[in-house]
Every structure is written in C-alpha cells, then in structure tokens.
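Colleague: Return atomic coordinates for the entry below.
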Amino acid sequence: MTDKIDFKKTAVEALYPVAYKLKFASKRHLGRDYVVPPLEGLWWAEDMAAFTTSRDKSRSPTGLPRI
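Modeller: Model (predicted):
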C-alpha cells in the first residue's frame with residue numbers, strides 16, 4: 001500500500017454522499033425533490049471512430065447489416 005492518496009478515487013467516493021446531503025436538504029428546506037443521476041464517464045481516444053465503427057452493434061460480425 002502506498003502513502004500517496006488517489007485523488008480521483010477520493011473525489012468519486014465523495015460525490016454521492018454530498019449529492020444526497022444536498023438532495024435531502026433541498027427537500028427539507030425548499031420542498032424540492034430531485035433524482036440524483038447515476039455517475040457517468042466521458043471516454044476519449046486518439047481515433048474517435050474506435051468507439052463507433054469497430055463496435056457498431058447494429059452490424060453482424062461479417063460486416064453485413066443484420067436483418
């Protein structure tokens with residue numbers, strides 16, 4: 001185990017407790033309720049086609065459109 005703190009892990013672990021404290025405070029003090037959305041990630045690659053063309057689920061493994 002290292003002494004170095006993993007900032008990203010710590011930040012992500014803090015998101016939901018803070019989000020729910022705000023949600024319940026909003027509901028209690030303002031009478032407003034809302035949904036805390038799921039955590040989303042943004043993905044990036046040198047070639048953005050790697051996320052679309054090579055993983056196109058609408059096509060069969062042969063490259064022909066599925067019927």
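Colleague: Sort out which residues of stretch 8-23 are buried, please.
Modeller: By neighbour count on 16 or more other C-beta atoms under 10 Å, the buried set for stretch 8-23 is residue 23. Every residue, glycine included, has its C-beta placed from N, CA and C.
Colleague: Report the rounded mean pLDDT for it.
Modeller: Averaging pLDDT along stretch 8-23 gives 91.
Colleague: same check, this time on stretch 51-61
Modeller: Mean predicted confidence for stretch 51-61 is 61.
Colleague: Where does residue 37 sit: helix, strand or coil?
Modeller: Following DSSP: H, G, I helix; E, B strand; the rest coil, the label given to residue 37 is coil.
Colleague: quick one: it and residue 25, what's the gap?
Modeller: Distance of residue 37 to residue 25, given as C-beta to C-beta, to the nearest Å: 18 Å.
Colleague: Which one's more surrounded, these two?
Modeller: The neighbour comparison of residue 37 against residue 25 (other C-beta atoms under 10 Å) goes to residue 25, with 10 against 7.
Colleague: Would you mind pulling the contact partners of the one helix or strand that one maps to?
Modeller: Using DSSP states H and E, residue 25 sits within helix 7-30. By C-beta atoms under 8 Å, 6 or more residues apart in numbering, the residues outside helix 7-30 that reach it are 32-34, 36, 39.
Colleague: Can I get the residues you listed in CSV including neighbour count and pLDDT?
Modeller: As requested, those are arranged in CSV below (neighbours: other C-beta atoms under 10 Å; pLDDT from 0 to 100):
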residue, neighbour count, pLDDT
32, 9, 96
33, 10, 96
34, 10, 94
36, 12, 94
39, 9, 85
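Colleague: State the distance from the spatially most central residue of the chain to residue 23.
Modeller: Closest residue to the average C-alpha location of the chain: residue 40 at 1.2 Å, with C-alpha atoms, centre = their mean. Going from residue 40 to residue 23 by C-beta to C-beta gives 17 Å.
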